[in-house]
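Trainee: Below are the sequence and a predicted model for it; my questions follow.
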Amino acid sequence: MEPKTLLENLNSNYFEAVSALQPQDSSDRVTVYVESDEDIAFWHHILKPYERNTISFDIQLPIQNNFEKGKLAVLKFKENVGTHLILCVDSDYDYLLQQTTETSQLINGNPFIFQTYTYSIENYLCYNESLHSLCVQATKNNNPVIDLVELLKLYSKIVYPLFLWSVYFALKEDTISFSISDFSEIIKILTEGKVDEQFKDEFIELRDRVEAKINQLETQFLDGKIEVESLKNRLGLLGIEKENTYLFIQGHTLKDNVVLMFLKPIERVLKKVKRDEINEIEDGQIKENAHNQFNNQIQSVTSVLNANTEFKSCFLFNKIKEDLGEYVNKFHSTII
């Protein structure tokens, strides 16, 4: 029999044995592998409520080397998982693909691998119902200059038809004809628009690009049009609708090239309004103090967005809670 490699030895049984070496009154420690440093903070926030006197989570990057990160690095431990070693990964398109590819079968079927259900953690950070509160936090201005919930719904409706084509090619495992990267490039908001015009020009440009690409794909792939249409019902059963498509597109694209392209102009407008109000103060010393206080209180909307945790009302977050609840219950029944 060939000796096991270090990777093979770092399995759930190993971490259970390590946990058993802790003092008797210590909690049972579960090792959690995640994709990146940003994921450590995200999954800590998710897992913390499940910690009890008998269980704690040690969230870290895979123990390989300092340069190997990401989903593939985590999934190298897919054969090693168990009660004391779990994996937490971004879904990408694997939730949408269900059982059609090897990776989607693994992620959707393994009780020790947990997924975001959104494309990635960034989609939760951009949860539309949380965005107004983030703007208030960053600018100390509660003026709703634009309905951010409806803004992302409108964005989603525009990109939805092309999103269906993107999933269609992913199901075929065709990364050449129309890749996720190709799709992501088309659905970016390219300029920071005018808030008082409700970003009208940006939405017109986006719609034109999306429609042009759809026309090209329908011409080039005649048989695909019917299959793409049938995807609506299939994806609808998973909770994907026209108005929430933003939750399932590439997360970094959504955050950096869509949501922040909206929020940064809104941030500037709201901060200017507050500064203009302060400038109306006649007393010079009071005015100066008010400006200093305001400048000390405000934050950048980017930093506030990156630290957002106000996404717990998202229906996909409930799926994570259900998965973790089942795991924790089984964990306790196993170790008793």
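Mentor: Received it, and whenever you're ready, just let me know what you need. Numbers count the residues shown, from 1 in each chain.
Trainee: all strands for the stretch 1-150 of the chain, in order.
Mentor: 28-33, 55-60, 85-89, 113-115 (DSSP state E, counting those that start in this stretch).
Trainee: Show me the contact partners of the last one.
Mentor: Contacts of strand 113-115 from elsewhere in the structure, counted by Cβ atoms under 8 Å, 6 or more residues apart in numbering, are 75, 78, 81, 86-91, 94-95, 106-108, 320, 323-324, 327. Any C-beta I mention is one placed from the backbone N, CA and C, and that applies to glycine too.
Trainee: try stretch 124-132
Mentor: The set of residues external to stretch 124-132 that reach it, using Cβ under 8 Å, 6+ apart, is 42, 116, 118, 144, 148-149, 151-153, 246-247, 251, 254-255, 258-259, 263, 305-306, 308, 310-311, 313-314, 316-317.
Trainee: Which positions in it come out as buried?
Mentor: Tyr124, Leu125, Cys126, Tyr127, Asn128, Ser130, Leu131, His132 (16 or more other Cβ atoms under 10 Å).
Trainee: so can I have a markdown table of these showing pLDDT and distance to Glu185?
Mentor: Formatted as a markdown table, these follow (pLDDT from 0 to 100; distance: Cβ to Cβ, whole Å):
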| residue | pLDDT | distance to Glu185 |
| --- | --- | --- |
| Tyr124 | 98 | 23 |
| Leu125 | 98 | 21 |
| Cys126 | 98 | 18 |
| Tyr127 | 98 | 24 |
| Asn128 | 98 | 22 |
| Ser130 | 97 | 26 |
| Leu131 | 97 | 24 |
| His132 | 97 | 29 |
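Trainee: Out of these, name the ones that lie in helices.
Mentor: Restricting the buried residues of stretch 124-132 to those inside helices, with DSSP state H as the criterion, leaves Tyr124, Leu125, Leu131, His132.
Trainee: Where does pLDDT dip in the chain?
Mentor: Filtered on pLDDT under 70, the chain yields the residue ranges 1-27, 53, 64-68, 332-336.
Trainee: Domain boundaries for it, per the record?
Mentor: When the chain is parsed with automatic domain parsing, its domains come out as 6-118+324-335, 122-312.
Trainee: Next, the contact list for Pro249, please.
Mentor: For the record, residue 249 is Ile, not Pro. With Cβ under 8 Å, 6+ apart as the criterion, the residues that contact Ile249 are Tyr119, Asn123, Val159, Phe163, Phe183, Ser184, Ile187.
Trainee: the helices in the stretch 51-200 of the chain, which residues?
Mentor: For the stretch 51-200 of the chain, applying DSSP state H, counting those that start in this stretch gives helices covering 71-75, 94-97, 102-109, 121-125, 131-139, 148-171, 180-186, 200-220.
Trainee: among those, which is the most enclosed?
Mentor: The highest average neighbour count among those, using mean count of other Cβ atoms under 10 Å, belongs to helix 121-125 at a mean of 25.
Trainee: How far off centre is that helix?
Mentor: Averaging C-alpha coordinates over helix 121-125 and over its chain gives two centres that are 3 Å apart (Cα atoms, centre = their mean, to the nearest Å).
Trainee: quick one: contacts for the residue nearest to Tyr117 when sequence neighbours are not counted?
Mentor: Distances taken as Cβ to Cβ, 6 or more residues apart in numbering place Leu316 nearest to Tyr117, at 4.1 Å, with adjacent residues excluded. Listed by Cβ under 8 Å, 6+ apart, the contact partners of Leu316 are Thr116, Tyr117, Thr118, Tyr124, Gly239, Leu247.
Trainee: The closest residue to Asp37 other than its chain neighbours: how many residues sit nearby?
Mentor: For Asp37, ignoring the flanking residues on the chain, the nearest one in space by Cβ to Cβ, 6+ apart is Leu61 at 7.3 Å. If you count neighbours by other Cβ atoms under 10 Å, Leu61 ends up with 19.
Trainee: my guess is Leu61 contacts Glu38, does it?
Mentor: No: under the criterion of Cβ atoms under 8 Å, Leu61 is not in contact with Glu38, lying 11.0 Å apart.
Trainee: For the one helix or strand Lys225 maps to, buried residues please.
Mentor: Element membership of Lys225, judged by DSSP states H and E, is helix 224-236. Residues of helix 224-236 classed as buried: Gly224, Val228, Leu231, Leu235 (neighbour count, 16+ other Cβ under 10 Å).
Trainee: now stretch 318-327
Mentor: For stretch 318-327, the buried set under the neighbour-count rule, 16+ other Cβ under 10 Å, comprises Lys319, Ile320, Leu324, Tyr327.
Trainee: ok, so what distance separates the last one from Phe199?
Mentor: In other words, Tyr327. Taking Cβ to Cβ, to the nearest Å as the criterion, Tyr327 is separated from Phe199 by 42 Å.
Trainee: and if you look at the third one?
Mentor: Distance, Leu324 to Phe199, by Cβ to Cβ: 37 Å.
Trainee: The second one too?
Mentor: Applying Cβ to Cβ, the value for Ile320 to Phe199 is 31 Å.
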